[in-house]
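# I'd like to go over a predicted model; first the sequence, then the structure.
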Amino acid sequence: MTEHSTKAGVRADVWLWAARFFKTRSLAKQAIDGGKVEVNGATCKPAKTVQLGDTLKITRAEERLTCTVEALSEKRGPAPEARKLYAETEESVAERERQREDRRLTGGALLRPDSRPDKRSRRLIQDLKKTL
């Protein structure tokens, strides 16, 4: 069981890492710098203090999460403990489920060719890759 911090707040990048939204603190920092994380409706910096009750909007690839901070921690623990640090909003859960179902029905929106490229097509593709 991890110890929850009793301080007034924790750095945003540390909290995102401890809550297991990102695998490393460096990735959390990059996401914040890239504008993928909002605290209380405003972009933030990695050193921004996250406090109890704050609302975070996190974007990871195609996934958008909205959650509220339930507890603070500076240490990364097991996933069940990390899950106790935040509560995802009902709207966020419903939207993610809807998007997951859309991806399942559309095949992930991938445009797949009918067959493998023939010899000429492969050479054209290779030439195109060389010029890029």
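Cool, the structure landed.

# can you give me the helices for this structure?
Secondary structure of the chain (DSSP state H): helices located at 12-18, 25-33, 79-83, 90-106, 119-131.

# how about the ones you listed in a markdown table, adding distance to residue 40, mean neighbour count and mean pLDDT?
Quick note: C-beta positions are derived from backbone N, CA and C, even for glycine. Formatted as a markdown table, these follow (distance: least, C-beta to C-beta, whole Å; neighbours: other C-beta atoms under 10 Å; pLDDT from 0 to 100):
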| stretch | distance to residue 40 | mean neighbour count | mean pLDDT |
| --- | --- | --- | --- |
| helix 12-18 | 11 | 25 | 96 |
| helix 25-33 | 14 | 18 | 95 |
| helix 79-83 | 21 | 14 | 95 |
| helix 90-106 | 15 | 11 | 89 |
| helix 119-131 | 45 | 9 | 92 |
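
# to residue 53, which of those helices lies closest?
helix 12-18 (13.0 Å; C-beta to C-beta).

# and the closest one, what other elements does it pack with?
For helix 12-18, the packing partners by 3 or more C-beta pairs under 8 Å, 6 or more residues apart in numbering; DSSP states H and E come out as helix 25-33, strand 37-39, strand 49-50.
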